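In: model this:
(2 chains)
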Amino acid sequence: MKKRWYVMLTVLLAILLFFNLYMGSVPISIKELYRILTGQGEELHGQIVWNIRLPRALGAMLLGGALSLSGYLLQTFFSNPIAGPFVLGISHGAKLMVALTMIILINQGIAVNSLTLISAAFAGSMIAMLFILLVSGKVNRMSVLVICGVMIGYICSAITDFIVTFANDSNIVNLHSWSLGSFSGMTMENVRIITAIVVVCTVTALFLSKQISAYQLGETHAKSLGLNIHLFRFFLILLSGVLSATVTAFAGPVSFVGIAVPHIIRNLFKTSKPAVMITGCLLGGGVFCLFCDLIARTVFAPSELSISSITAIFGAPVVIIIMMKRRS
Amino acid sequence: MKVYLETKDLSVGYGRSTIIRHIDIQVVKGEVITLIGPNGAGKSTILKTISGQLKKQSGEVFVESEAIHQISSMALAKKIAFVSTEKIHQDMITCEEIVRLGRYPHTGSFGILTGEDIKKAEHALKLVNAYDIRDKDYRKISDGQKQKIRIAMAICQEPDIIVLDEPTSFLDIRHKTEILEILRGMADRGTAVIMSLHELELVRLVADKILCVDDGKVMYYGECEAIYKDDFINRLFHVENGGYAPKLGTVFMKKCETAPKVFVIGGNGAGIPVYMRLNKQKIPFATGILQENDCDACFAREMTKYVVCTPPFENASDVEKEEALKLLDSCDKLIVAQQHFGTANRINESLLREAEKRKMEII
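Out: Take a look at the predicted model:
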C-alpha cells in the first residue's frame, strides 16, 4: 500500500522532470533533448537545457520538498494542520531580511553569495518565528495563530515593498520578481548548495522521527514517555527555519505548498508515521512544485506567472478542505 | 515493604502561586492511592509534580531515594507513567500505534520495535480489553475506549508507578468499573497506582490509601475506610445539607426541613421510590412506622427528618404510634407504599384506618 504510493510519486516526479526539461518557450524536440542529455546536441539548446531548465527543475523539486518538510515540521510543532512557513509569515520575514541584505550589499558594491542570502533569510525566519511563538504562548488557537501569521506576513511584505521602491538600482528588477516568488534564475551552483542543505535537514529530521511520533500525541503524553520537550522543540524550530529560509533565499516566498503537501501525503499514505511523512513530503513537494512551475512557465509563455499564484490555486482549496473537515 | 516514591515537605503549584504545601506521602509498589478533594483543590497539580511533569516549588520528591529532578527524562519514563486527560489530536494514527509508543523509553534512537516490544504492546492491548479495536483510527473510537488505549500505552511503558488524572471522568458506568478493575489488577501485579477520582463510591472499591486535599493542605492521608466515617466527606467538600451518605454509599439532594405535607407508609424498600420522587419535587414528607434496620429507614433519614422508627426487630410501642399519629395529623395526604400489611405490621394498617377516619387523601 505504502510502497505503491512511493512508486507512484517517484514515477510522477520523473515524468514531471522530463516535461520541465522538454517544455519551454524555445521548442526542443524529444530526440534533441535526448541528444543533449547524452552530451551531444546543439550548443544553444544545450545551454538552455543544462544551464536554465535543468537547474530550475532540480531547484523547484528540491525546494518544493524542503517547503513541504518545513510545513510538516511546523504543523508538528504547533499541532496545527494549517501551519506552514507562508501562512505563519515566516517566509515573509525571511524575504524582508533577504531584500534588506541584498540592497545594503549591492549599494556597497559587495557581491552577494548564496550563503549570505541563506543566513539573512534564516535570521528573518527566526525573527518572524519569535513573534509567532510569543503569540502562541498567549493563545494557542489554530485560527488566532494563522491570523497573526498572515498579519506578520503583510507587515513584512509592506516593509519589503517600501525598501524595494526606494532602492534605485537595476538589480532591484530581479529583486521584485523574486519577492513574488519564482524558481527562475537558478544555477547549478545554487542547486548544489540546496541539495546539501536538504539532505542534511532530511537526515536530521529522520533522526528526530522517534521524538516526533511521541510529540504528536501532545505535550503531557510525550513528557510521560520521556521526551525532552524543550530540546526537541528547539531542534524542530531550527530545522524548519533552515528549510524555509533556504527556499525563500532562492525562490522567494512560495505559498501553500507547506500546508497542502503534508495533508495530501497523510491522506494518501493513511498514516502519520514521521518517517513516512518526511520522505513522502520530500517526494510530494517535489512533484507539486515541478507541476506548478511547469504551469507557471508554459501557460502564458514567454511571460511567466509567479509561482505563488499557481501553488495558491492548487494549495488554498486544500486549506479550506482541512478547515471544513475540522468543523465536522 | 520498601518505599518506592516519597515526598518530603513538598509544595506544589504553578509559577509563583503555591496551591498545596507540606505534602508528605510514601508510596509502596502494589498499592492504590487515591486523591480526593473539591474541584480546583490541586489534585492534578500534585499528580503532575510527583510524575515529573511539573516542577516542584519546594520540598522534594524522591523516586527510589533519588531526587526526581536529577533523573533523566528517559530513565524517569521507565519508572513513572502519567496518563493525562490531554486529548490526542493526531489523525491517521491507529490505537495499536499509540500503544506501541509506550515502548518509547525502551527503544533505540530510531524507535524501532523488537519482536518483544510488539508482544508487550499486544499484551497491554489485551489487558485493557482493547485488542479487537487495535487497528481502528484513534479519533474514531469512544471516550471510554480512548481512555483504555491511553492506559494501555502506560502499561506498555512498564512503569513501577502509574499516575492517572481522573481516569474515570466522563465515562459510562461500564467503562468506569472496567478501568478500575484494570488498575486494581495492575496494583495486584506490583505496580503502584496513584490517581485522582471524583466518584466516592468508586474510591472505596479500589483504594488502599487516600490522600484528601483541600484549602491548600493535606486534610487526611491514610487508610481508605477512615474517610467513610461520620460526615468527613461532607466536611471535605463543604456540603451542609444532603451530600454523601457514607452508610449508603450514595449522594442525596438537600433535605426538606419544613413541616411534612405527605405521610408515607413504607417498609422493606417499598418506600424508597416514593421518597425519591417526593424529595425530587421538594415536597416535605414524613414516614413511618419503620424498623430502624429497614433500608427504607436509612434512605428516609437522608431525605427528611420526620422518620418514625422502632428499634430493630421490635414491635412499635405506643410512643411511636402516638408520634406517627401526630405527624399524620399535620399531613393532608397519605401514600401507602405497601401492597398488603403482614401480620407483624398491624400497626401501619391501623395508621391507614386512622387516615380513613380523618378522610385524608389516600394513594
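In: who in the stretch 1-150 of chain A is up against chain B?
Out: A:S79 (C-beta under 8 Å from any C-beta of the partner chain). (Each C-beta comes from the backbone N, C-alpha and C, glycine too.)
In: closest point of the stretch 1-150 of chain A to chain B, which residue?
Out: Closest residue of the stretch 1-150 of chain A to chain B, C-beta to the nearest C-beta: A:S79 (5.7 Å).
In: for that residue, grab the count of nearby residues.
Out: By the criterion of other C-beta atoms under 10 Å in any protein chain shown, A:S79 has 17 neighbours.
In: now it: how far from A:T202?
Out: 22 Å (C-beta to C-beta, to the nearest Å).
In: again, but for A:L145
Out: On the measure of C-beta to C-beta, A:L145 and A:T202 end up 26 Å apart.
In: out of everything not next to it in sequence, what's closest to the residue of the stretch 1-150 of chain A closest to chain B?
Out: Closest residue to A:S79 apart from its sequence neighbours, by C-beta to C-beta, 6 or more residues apart in numbering or on different chains: B:H89 at 5.7 Å.
In: before we move on, what about B:Y220?
Out: Excluding its sequence neighbours, the residue lying closest to B:Y220 (C-beta to C-beta, 6+ apart) is B:C212, at 4.2 Å.
In: tally of neighbours for the one you found?
Out: B:C212: 23 neighbours (other C-beta under 10 Å).
In: also B:E323?
Out: 18.
In: specify the local secondary structure of it.
Out: Three-state assignment for B:E323 (DSSP: H, G, I helix; E, B strand; the rest coil): helix.
In: kindly provide the distance from it to B:T310.
Out: 11 Å.
In: shared neighbours of those two, anything?
Out: Common contacts of B:E323 and B:T310 (C-beta atoms under 8 Å, 6 or more residues apart in numbering or on different chains): none found.
In: where does the stretch 151-300 of chain A have low pLDDT?
Out: Low-confidence segments of the stretch 151-300 of chain A (pLDDT under 70): A:168-174, A:176.
In: what residues does it have near chain B?
Out: A:207, A:209-210, A:213-214, A:216-221, A:223-228, A:266-267, A:270-273.
In: got a list of what B:I68 touches?
Out: Counting by C-beta under 8 Å, 6+ apart, B:I68 has contacts B:50, B:52, B:56, B:60-62, B:76.
In: same thing but at 10 Å, please
Out: B:I68 makes contact with B:5, B:7, B:49-52, B:55-56, B:60-62, B:76, B:79-80, according to C-beta atoms under 10 Å, 6 or more residues apart in numbering or on different chains.
In: again, but for B:P312
Out: Contacts for B:P312 (C-beta under 10 Å, 6+ apart) come out as B:291-294, B:297.
In: counting neighbours, which of the residues you listed comes out on top?
Out: Most neighbours among these, by other C-beta under 10 Å: B:A297, with 22 neighbours.
In: that one contacts B:G271, doesn't it?
Out: Yes. Proximity of B:A297 to B:G271 meets the contact threshold set by C-beta atoms under 10 Å, at 8.8 Å.
In: now for these two: what residues contact both?
Out: Both B:A297 and B:G271 are in contact with B:287-288, B:290, where contact means C-beta under 10 Å, 6+ apart.
In: burial measure for B:L327, as a count.
Out: For B:L327, the count of nearby residues is 20 (other C-beta under 10 Å).
In: ok, it to B:E354 distance?
Out: From B:L327 across to B:E354, the span is 11 Å (C-beta to C-beta).
In: having no further points to raise, I will conclude here.
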